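Visitor: sequence first, predicted coordinates after that:
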Amino acid sequence: MGWILLAGLALVAGVLIYSYNALVRDHHRVLSAWSDIEVQLKRRHDLIPRLVEVVKQYAAYEQAALSTVIELRNRARTGHSPGEQGDLERRISRSLFDIRAVAEAYPDLKSNRNYLELMQQLTEIERDIQFARRYYNGAVNNLNTRIDSFPDLIVARLLRFRPAEYFDFDEESAA
């Protein structure tokens, strides 16, 4: 009888240890994926001033669109939750779309090599952000599912694991 009780306790301890380790692994995967997103967003934010300078040379009176994107970029560079960051990045994407619209009115700008290179880099960065966002949101989904699933939810509640926040922003306006 004692062996059965000991085996049962060992099984419960094993399940708890496995659950804890899985939660920690998934939590670190979310942190790592968010770090990847931050790297891509930094690349994007670093590109914006160069793009604005090139557009300024051709469209000096279009200051409103240029000022808006710089102001949003500066706000987005400080730490935010994924939801807040998503809102700021959505607004940046709209502002970048406005800059592209401004460029349409200036044929010389549209054919400028620097402008074309910057737009190509921006397109690549937007694609990289999309890939990083998908990976991050998948990692968040795995963690949140584990936190809500038995027996992991017992360990998660005891050790105060919290669901992670998804990172969403509208890519259609960024394309």
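Guide: Sure thing, it's come through.
Visitor: now do the helices in the protein.
Guide: 2-58, 63-76, 82-104, 107-110, 113-148, 152-158 (DSSP state H).
Visitor: burial count for residue 21?
Guide: 11 (other C-beta atoms under 10 Å). No exception for glycine: its C-beta is placed from N, CA and C like everyone else's.
Visitor: and for residue 85?
Guide: 21.
Visitor: same question for residue 57.
Guide: Neighbour number of residue 57 under other C-beta under 10 Å is 13.
Visitor: same question, the one 10 residues further on
Guide: A count of neighbours around residue 67, defined by other C-beta under 10 Å, yields 12.
Visitor: most centrally placed residue in this protein?
Guide: Central residue of the chain (C-alpha atoms, centre = their mean): residue 37, 4.2 Å from the mean position.
Visitor: just confirm that one contacts residue 166, I think it does.
Guide: No - checked against C-beta atoms under 8 Å, the pair residue 37 and residue 166 is beyond contact range at 11.4 Å.
Visitor: please export the C-alpha coordinates of the worst-scoring helix or strand of the chain on mean pLDDT as CSV.
Guide: Across the helices and strands of the chain, mean pLDDT, DSSP states H and E gives its lowest value to helix 107-110, namely a mean of 79. Taking Å, rounded to 0.1, in the frame of the first residue of the first chain, the C-alpha atoms of helix 107-110 are listed here in CSV:
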residue,chain,number,x,y,z
PRO,A,107,7.5,62.0,-60.4
ASP,A,108,11.1,63.0,-59.7
LEU,A,109,10.8,61.6,-56.2
LYS,A,110,9.3,58.4,-57.4
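Visitor: tell me which of the helices of the chain sits most buried.
Guide: Mean neighbours per residue, mean count of other C-beta atoms under 10 Å, is largest over the helices of the chain for helix 82-104, with a mean of 18.
Visitor: that one - contacts with which helices or strands?
Guide: helix 2-58, helix 63-76, helix 107-110, helix 113-148 (3 or more C-beta pairs under 8 Å, 6 or more residues apart in numbering; DSSP states H and E).
Visitor: pipe these into TSV and attach distance to residue 157 per row.
Guide: Converted to TSV, those look like this (distance: least, C-beta to C-beta, whole Å):
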stretch	distance to residue 157
helix 2-58	11
helix 63-76	34
helix 107-110	57
helix 113-148	8
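Visitor: out of these, which is closest to residue 98?
Guide: helix 63-76 (4.5 Å; C-beta to C-beta).
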